[in-house]
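[1] Here is a sequence with its predicted model. Questions after.
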Amino acid sequence: DQMYESHGLLNTTDGNILMLAGNTLGGGTTINWSCCLPLPDHVRKEWVTKHRLKQFDSQEEFLIATDVIMKRIGCQDKSKVQHNKMNQTLQKGCENMGYKWDTCGQNIQDTKSDHAGYICFG
(Lines give C-alpha, C1' and ligand atoms only; values in the text may rest on other atoms or scores of the structure.)
Protein backbone atom coordinates (compact mmCIF):
# COMPACT_ATOMS: atom_id res chain seq x y z
CA ASP A 1 0.00 0.00 0.00
CA GLN A 2 3.00 2.35 0.30
CA MET A 3 3.40 2.39 -3.47
CA TYR A 4 0.07 4.19 -3.82
CA GLU A 5 -0.82 7.79 -2.94
CA SER A 6 -2.68 7.91 0.40
CA HIS A 7 -2.10 4.14 0.77
CA GLY A 8 -4.48 3.46 -2.13
CA LEU A 9 -7.38 5.28 -0.46
CA LEU A 10 -7.29 8.52 -2.45
CA ASN A 11 -10.77 9.72 -3.31
CA THR A 12 -12.57 12.84 -4.51
CA THR A 13 -13.73 15.34 -1.90
CA ASP A 14 -17.31 14.16 -2.26
CA GLY A 15 -16.23 10.52 -1.83
CA ASN A 16 -17.82 9.35 -5.08
CA ILE A 17 -14.66 8.32 -6.94
CA LEU A 18 -11.75 6.26 -5.62
CA MET A 19 -8.43 6.72 -7.41
CA LEU A 20 -5.25 4.68 -7.45
CA ALA A 21 -2.18 6.82 -8.05
CA GLY A 22 1.42 5.67 -7.90
CA ASN A 23 3.46 7.28 -5.12
CA THR A 24 6.98 6.18 -6.02
CA LEU A 25 9.72 7.50 -8.25
CA GLY A 26 8.09 6.84 -11.61
CA GLY A 27 4.54 7.07 -10.24
CA GLY A 28 2.05 5.15 -12.37
CA THR A 29 4.87 3.72 -14.48
CA THR A 30 6.18 1.83 -11.45
CA ILE A 31 2.74 0.39 -10.78
CA ASN A 32 2.34 -0.18 -14.54
CA TRP A 33 -0.83 1.54 -15.54
CA SER A 34 0.13 0.15 -18.97
CA CYS A 35 -1.29 3.09 -20.95
CA CYS A 36 1.43 4.76 -23.03
CA LEU A 37 0.33 8.36 -23.57
CA PRO A 38 2.17 10.28 -26.28
CA LEU A 39 3.80 13.49 -25.08
CA PRO A 40 1.83 16.49 -26.37
CA ASP A 41 3.91 18.61 -28.73
CA HIS A 42 3.24 21.79 -26.72
CA VAL A 43 4.85 20.17 -23.66
CA ARG A 44 7.98 19.27 -25.61
CA LYS A 45 8.16 22.86 -26.93
CA GLU A 46 7.77 24.21 -23.37
CA TRP A 47 10.68 22.05 -22.24
CA VAL A 48 12.80 23.64 -24.98
CA THR A 49 11.74 27.28 -24.50
CA LYS A 50 11.00 27.57 -20.79
CA HIS A 51 13.51 25.09 -19.37
CA ARG A 52 16.18 25.34 -22.13
CA LEU A 53 16.26 21.59 -22.69
CA LYS A 54 17.64 21.80 -26.22
CA GLN A 55 17.85 18.01 -26.60
CA PHE A 56 14.08 18.07 -27.20
CA ASP A 57 14.27 20.75 -29.91
CA SER A 58 14.07 18.34 -32.87
CA GLN A 59 10.59 16.84 -33.12
CA GLU A 60 11.84 14.24 -35.59
CA GLU A 61 14.66 13.15 -33.28
CA PHE A 62 12.29 13.09 -30.31
CA LEU A 63 9.78 10.90 -32.18
CA ILE A 64 12.53 8.47 -33.21
CA ALA A 65 13.70 8.23 -29.58
CA THR A 66 10.12 7.77 -28.38
CA ASP A 67 9.62 4.99 -30.92
CA VAL A 68 12.71 3.18 -29.62
CA ILE A 69 11.44 3.45 -26.03
CA MET A 70 7.96 2.19 -26.95
CA LYS A 71 9.48 -0.85 -28.66
CA ARG A 72 11.79 -1.49 -25.71
CA ILE A 73 8.94 -1.52 -23.17
CA GLY A 74 6.73 -3.64 -25.44
CA CYS A 75 4.07 -1.03 -26.15
CA GLN A 76 1.30 -2.49 -28.28
CA ASP A 77 0.01 -0.25 -31.06
CA LYS A 78 -3.40 1.19 -30.18
CA SER A 79 -4.95 -0.68 -33.12
CA LYS A 80 -4.15 -3.97 -31.31
CA VAL A 81 -5.73 -2.97 -27.99
CA GLN A 82 -8.99 -4.73 -27.16
CA HIS A 83 -10.87 -3.04 -24.37
CA ASN A 84 -12.31 -4.93 -21.43
CA LYS A 85 -15.93 -4.52 -20.30
CA MET A 86 -15.05 -1.68 -17.93
CA ASN A 87 -13.39 0.38 -20.68
CA GLN A 88 -16.16 -0.46 -23.15
CA THR A 89 -18.67 0.94 -20.66
CA LEU A 90 -16.56 4.08 -20.22
CA GLN A 91 -16.35 4.50 -24.03
CA LYS A 92 -20.11 4.15 -24.39
CA GLY A 93 -20.68 6.67 -21.61
CA CYS A 94 -18.32 9.14 -23.31
CA GLU A 95 -20.12 8.69 -26.61
CA ASN A 96 -23.51 9.19 -24.96
CA MET A 97 -22.26 12.39 -23.30
CA GLY A 98 -20.63 13.65 -26.50
CA TYR A 99 -17.11 13.42 -25.03
CA LYS A 100 -14.12 12.68 -27.24
CA TRP A 101 -12.13 9.57 -26.39
CA ASP A 102 -9.28 7.66 -27.99
CA THR A 103 -7.34 4.47 -27.46
CA CYS A 104 -3.66 4.68 -26.52
CA GLY A 105 -0.97 2.08 -26.90
CA GLN A 106 -0.36 -0.21 -23.93
CA ASN A 107 2.77 -1.91 -22.67
CA ILE A 108 1.04 -5.21 -22.08
CA GLN A 109 1.49 -8.29 -24.23
CA ASP A 110 -2.05 -9.65 -24.24
CA THR A 111 -4.70 -6.92 -24.17
CA LYS A 112 -7.38 -9.58 -24.80
CA SER A 113 -6.69 -11.36 -21.52
CA ASP A 114 -9.34 -11.24 -18.81
CA HIS A 115 -6.56 -10.17 -16.44
CA ALA A 116 -5.40 -7.25 -18.61
CA GLY A 117 -7.73 -4.78 -16.88
CA TYR A 118 -6.19 -5.50 -13.48
CA ILE A 119 -2.49 -5.01 -14.18
CA CYS A 120 -2.40 -1.86 -12.03
CA PHE A 121 -2.88 -4.05 -8.95
CA GLY A 122 0.49 -5.78 -9.42
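    Happy to help now that I have it.
[2] neighbours around residue 75, how many?
    20 (other CB atoms under 10 Å). Every residue, glycine included, has its C-beta placed from N, CA and C.
[3] so it sits right up against residue 107, yeah?
    Yes: Residue 75 is in contact with residue 107 according to CB atoms under 8 Å; the separation is 4.7 Å.
[4] so what's in contact with the two at the same time?
    Counting by CB atoms under 8 Å, 6 or more residues apart in numbering, the contacts common to residue 75 and residue 107 are residue 36.
[5] Return the distance of the residue lying farthest from the centre of the chain relative to residue 8.
    Taking CA atoms, centre = their mean as the measure, the residue most remote from the mean C-alpha position of the chain is residue 52, 26.0 Å away. If you measure residue 52 against residue 8 using CB to CB, to the nearest Å, the figure is 38 Å.
[6] Give me the phi and psi for the residue nearest the centre of the chain.
    In the chain, the residue lying closest to the centroid (CA atoms, centre = their mean) is residue 35, at 3.3 Å. Dihedral pair for residue 35: phi -80, psi 130, per degrees, to the nearest 10.
[7] cool, and residue 16?
    phi -80, psi -20.
[8] residues near it, how many?
    Neighbours around residue 16, by other CB under 10 Å: 7.
[9] that's a strand at residue 48, yeah?
    No: Residue 48: not assigned to a strand; according to DSSP: H, G, I helix; E, B strand; the rest coil it is helix.
[10] Appreciated, that's everything.
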